[in-house]
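Predicted model and sequence below, questions to follow.
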Amino acid sequence: MSYELGLKGKLDTAKQDLTLPKTILENISNELKAETDGEIEGMVLPYKGPIQSYTKKSGLAMFGIQTEQEVDIQDSLGAVGNKIERFEFCIAAQSFKEFRYRLMFIEYDLSVYPVTVVLEENISRQLKDKASLGYIVICKNREEFESIVVGAIKTKRVLEMMRQLLNAAENKSLNGNAENETDEDDNDDEIHVNIKK
């Protein structure tokens with residue numbers, strides 16, 4: 001018996017570039033660091049929280065009030081055993097990593113693409129031509145993902161963030177040096193009086 005599934009020609013079997021979005025962000029981070037003479041660097045950090053707005057349901061179990069939650073069987077169908085990867089992409093001044101700006105969240109699964117990118121709102125406004133769907137962008141392949149990330153880095157918003165990071169790092173450096181100089185100056189100004197009896 002033969003089943004005519006009609007799949008020939010419908011599945012794209014051409015090799016797709018499956019470079020991990022995390023790897024792409026790390027490469028872009030290295031280039032960012034090189035182009036800013038090591039002053040600004042990108043940080044790709046694991047992220048476990050939600051990346052989109054959501055509603056959290058809670059019950060009042062301590063008062064004996066039970067809440068009912070409908071379970072949609074469709075949630076149990078589809079991919080099983082899929083692993084979701086989430087990262088945040090930040091920029092920070094090399095000399096002041098405690099202060100950083102988060103540019104975006106990314107999320108992808110074992111199939112790598114599509115990648116969900118959640119942009120900082122001001123960045124997404126400046127990328128209107130590329131991110132016509134708002135601050136949540138679905139990138140179907142590496143080229144789309146790279147275009148969004150590089151476009152985000154080139155926005156006026158991110159350039160302003162970089163200036164603020166450099167100013168904060170410089171301020172920290174100056175204030176740290178000023179405190180050291182003050183301590184040294186205090187030692188120089190001490191007057192020693194010897195009283196002879």
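Cool, the structure landed.

Quickly find the element holding Gln82.
Quick fix: residue 82 is Asn, not Gln. Counting by DSSP states H and E, no helix or strand carries Asn82.

before we move on, what SS does Val137 have?
With DSSP: H, G, I helix; E, B strand; the rest coil as the basis, Val137 sits in strand.

so it makes contact with Leu119?
Yes - counting by Cβ atoms under 8 Å, Val137 does reach Leu119; the two are 6.6 Å apart. Quick note: C-beta positions are derived from backbone N, CA and C, even for glycine.

more crowded one of these two?
Shown here are Val137 and Leu119; by other Cβ atoms under 10 Å, Leu119 has more neighbours (27 against 24).

Give me the neighbour count for the spatially closest residue to Tyr113 that is not a sequence neighbour.
Among residues not flanking Tyr113 along the chain, Asn141 sits closest, at 5.4 Å (Cβ to Cβ, 6 or more residues apart in numbering). Residues near Asn141, counting by other Cβ under 10 Å, number 16.

do the same with Lys15
6.

buried residues in stretch 29-49?
Across stretch 29-49, burial judged by 16 or more other Cβ atoms under 10 Å covers Ser29, Leu32, Lys33, Thr36, Glu39, Ile40, Glu41, Gly42, Met43, Val44, Tyr47.

Can you give the contact residues for that stretch?
Under the criterion Cβ atoms under 8 Å, 6 or more residues apart in numbering, residues 22, 25-26, 28, 86-95, 97, 100, 105, 153, 162, 165-166, 169 lie in contact with stretch 29-49.

Same question for stretch 127-147.
So stretch 127-147 is in contact with 16-19, 21, 24, 28, 52, 113-121, 123-124, 148, 151-152, 155, going by Cβ under 8 Å, 6+ apart.

which parts of the longest strand along the chain are buried?
Identified as the longest strand of the chain according to DSSP state E is strand 96-108. Buried residues in strand 96-108, counted by 16+ other Cβ under 10 Å: Phe96, Arg100, Tyr101, Leu103, Met104, Phe105, Ile106, Glu107, Tyr108.

Is it possible to get TSV of those residues that adds distance to Gly78 and pLDDT?
Shown next, in TSV, are the buried residues of strand 96-108 (distance: Cβ to Cβ, whole Å; pLDDT from 0 to 100):
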residue	distance to Gly78	pLDDT
Phe96	44	83
Arg100	36	91
Tyr101	36	94
Leu103	31	96
Met104	26	96
Phe105	23	96
Ile106	21	97
Glu107	16	96
Tyr108	16	96
